[in-house]
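**Student:** below is the structure, and that's it, no one-letter string:
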(Lines give C-alpha, C1' and ligand atoms only; values in the text may rest on other atoms or scores of the structure.)
Protein backbone atom coordinates (compact mmCIF):
# COMPACT_ATOMS: atom_id res chain seq x y z
CA UNK A 1 0.00 0.00 0.00
CA UNK A 2 1.24 3.44 -0.93
CA UNK A 3 1.77 5.79 2.03
CA UNK A 4 0.67 9.31 1.07
CA UNK A 5 3.46 11.86 1.57
CA UNK A 6 2.68 15.36 2.77
CA UNK A 7 5.50 17.61 1.54
CA UNK A 8 6.91 20.54 3.52
CA UNK A 9 8.85 23.55 2.23
CA UNK A 10 12.36 22.43 3.22
CA UNK A 11 12.52 19.24 1.16
CA UNK A 12 10.77 20.91 -1.77
CA UNK A 13 13.32 23.74 -1.81
CA UNK A 14 16.22 21.32 -1.30
CA UNK A 15 15.10 19.20 -4.24
CA UNK A 16 15.36 22.23 -6.53
CA UNK A 17 18.32 24.14 -5.06
CA UNK A 18 21.50 22.27 -6.00
CA UNK A 19 23.45 24.22 -3.38
CA UNK A 20 21.21 23.08 -0.53
CA UNK A 21 23.01 20.69 1.83
CA UNK A 22 20.08 18.26 1.61
CA UNK A 23 19.71 18.44 -2.18
CA UNK A 24 20.93 14.87 -2.82
CA UNK A 25 18.78 13.45 0.00
CA UNK A 26 15.65 15.27 -1.22
CA UNK A 27 16.19 14.25 -4.86
CA UNK A 28 16.75 10.61 -3.86
CA UNK A 29 13.62 10.56 -1.72
CA UNK A 30 11.45 12.22 -4.36
CA UNK A 31 12.67 9.74 -6.98
CA UNK A 32 11.60 6.83 -4.76
CA UNK A 33 8.19 8.21 -3.80
CA UNK A 34 5.05 7.75 -5.82
CA UNK A 35 3.46 10.96 -7.12
CA UNK A 36 1.48 12.90 -6.38
CA UNK A 37 2.87 14.29 -3.16
CA UNK A 38 0.36 16.25 -1.10
CA UNK A 39 1.01 19.85 -0.10
CA UNK A 40 -0.68 23.22 0.20
CA UNK A 41 -0.50 26.68 -1.33
CA UNK A 42 1.28 28.06 1.75
CA UNK A 43 4.17 25.64 1.08
CA UNK A 44 4.23 26.70 -2.58
CA UNK A 45 4.37 30.37 -1.54
CA UNK A 46 7.19 29.77 0.95
CA UNK A 47 9.11 27.69 -1.59
CA UNK A 48 8.77 30.25 -4.38
CA UNK A 49 9.89 32.99 -1.98
CA UNK A 50 12.94 31.03 -0.84
CA UNK A 51 13.86 30.15 -4.42
CA UNK A 52 13.28 33.60 -5.91
CA UNK A 53 17.00 34.36 -6.25
CA UNK A 54 17.41 31.37 -8.58
CA UNK A 55 16.34 31.84 -12.20
CA UNK A 56 14.78 28.38 -12.28
CA UNK A 57 13.41 28.27 -8.70
CA UNK A 58 9.80 29.40 -8.78
CA UNK A 59 9.29 28.00 -12.26
CA UNK A 60 10.48 24.58 -11.07
CA UNK A 61 7.97 24.61 -8.21
CA UNK A 62 5.11 25.50 -10.53
CA UNK A 63 6.25 22.89 -13.06
CA UNK A 64 5.98 20.21 -10.36
CA UNK A 65 2.34 21.22 -9.87
CA UNK A 66 1.70 21.33 -13.62
CA UNK A 67 3.19 17.84 -14.10
CA UNK A 68 1.09 16.37 -11.28
CA UNK A 69 4.05 15.66 -8.99
CA UNK A 70 2.43 17.89 -6.36
CA UNK A 71 -1.26 17.75 -5.44
CA UNK A 72 -2.68 20.99 -4.02
CA UNK A 73 -6.24 19.83 -3.33
CA UNK A 74 -6.47 21.77 -0.07
CA UNK A 75 -8.47 24.92 0.55
CA UNK A 76 -7.65 27.06 3.58
CA UNK A 77 -11.12 28.59 3.54
CA UNK A 78 -12.84 25.21 3.95
CA UNK A 79 -10.40 24.21 6.71
CA UNK A 80 -10.14 27.56 8.51
CA UNK A 81 -11.64 26.42 11.82
CA UNK A 82 -9.28 23.46 12.15
CA UNK A 83 -6.29 25.54 11.03
CA UNK A 84 -7.07 28.34 13.50
CA UNK A 85 -7.47 25.80 16.31
CA UNK A 86 -4.08 24.23 15.50
CA UNK A 87 -2.33 27.61 15.31
CA UNK A 88 -3.84 28.59 18.65
CA UNK A 89 -2.92 25.29 20.30
CA UNK A 90 0.70 25.55 19.11
CA UNK A 91 1.09 29.32 19.46
CA UNK A 92 4.01 28.77 21.84
CA UNK A 93 6.01 26.92 19.13
CA UNK A 94 4.87 29.11 17.11
CA UNK A 95 3.09 27.28 14.30
CA UNK A 96 3.17 28.82 10.84
CA UNK A 97 0.21 28.75 8.48
CA UNK A 98 2.06 26.24 6.29
CA UNK A 99 2.70 23.93 9.25
CA UNK A 100 -0.94 24.15 10.33
CA UNK A 101 -2.05 23.26 6.81
CA UNK A 102 0.35 20.30 6.72
CA UNK A 103 -0.85 18.98 10.08
CA UNK A 104 -4.42 19.32 8.83
CA UNK A 105 -3.48 17.45 5.65
CA UNK A 106 -1.96 14.72 7.84
CA UNK A 107 -5.30 14.53 9.65
CA UNK A 108 -7.23 14.32 6.38
CA UNK A 109 -4.86 11.60 5.12
CA UNK A 110 -4.54 9.36 8.21
CA UNK A 111 -2.01 6.95 6.66
CA UNK A 112 0.31 9.76 5.56
CA UNK A 113 3.80 10.78 6.62
CA UNK A 114 5.18 14.32 6.47
CA UNK A 115 8.43 14.85 4.56
CA UNK A 116 10.10 17.70 6.43
CA UNK A 117 13.27 19.09 7.97
CA UNK A 118 11.23 20.83 10.68
CA UNK A 119 11.70 19.35 14.18
CA UNK A 120 8.38 20.92 15.23
CA UNK A 121 6.62 18.00 13.53
CA UNK A 122 7.88 15.88 16.43
CA UNK A 123 5.81 18.15 18.72
CA UNK A 124 2.68 18.51 16.58
CA UNK A 125 -0.06 15.91 16.90
CA UNK A 126 -2.83 15.03 14.53
CA UNK A 127 -6.26 14.94 16.11
CA UNK A 128 -4.67 16.22 19.31
CA UNK A 129 -2.89 13.02 20.37
CA UNK A 130 -1.54 11.02 17.43
CA UNK A 131 2.10 11.40 16.47
CA UNK A 132 2.74 12.27 12.86
CA UNK A 133 5.10 9.95 11.01
CA UNK A 134 7.99 11.97 9.59
CA UNK A 135 10.31 11.34 6.66
CA UNK A 136 13.49 13.30 7.40
CA UNK A 137 17.25 13.05 6.89
CA UNK A 138 17.55 13.34 10.67
CA UNK A 139 15.96 9.94 11.32
CA UNK A 140 13.35 9.30 13.97
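**Tutor:** Here it is on my side, so go on. Remember, predicted model here, so these are calculated numbers, not experimental data.

**Student:** the protein: helices as residue ranges?
**Tutor:** Counting by DSSP state H, the segments of the chain that form helices are 9-16, 23-32, 41-50, 57-66, 80-89, 97-108.

**Student:** packing partners of the shortest one?
**Tutor:** What it means is helix 9-16. Judged by 3 or more Cβ pairs under 8 Å, 6 or more residues apart in numbering; DSSP states H and E, the packing partners of helix 9-16 are helix 23-32, helix 41-50, helix 57-66. Bear in mind the C-beta positions are built from the backbone N, C-alpha and C, glycine included.

**Student:** the inter-axis angle of that helix versus helix 23-32?
**Tutor:** 90 degrees (axes from the mean of the first three to the mean of the last three Cα atoms, to 10 degrees).

**Student:** pLDDT on helix 9-16, on average?
**Tutor:** Averaging pLDDT along helix 9-16 gives 97.

**Student:** before we move on, the earlier item: okay, the helices of the chain, which one's buried deepest?
**Tutor:** The highest mean neighbour count among the helices of the chain, using mean count of other Cβ atoms under 10 Å, belongs to helix 9-16: a mean of 25.

**Student:** other residues contacting that one?
**Tutor:** 20-23, 25-27, 29-30, 39, 43, 46-47, 50-51, 54, 56-57, 60-61, 64, 70, 98, 115-118 (Cβ atoms under 8 Å, 6 or more residues apart in numbering).
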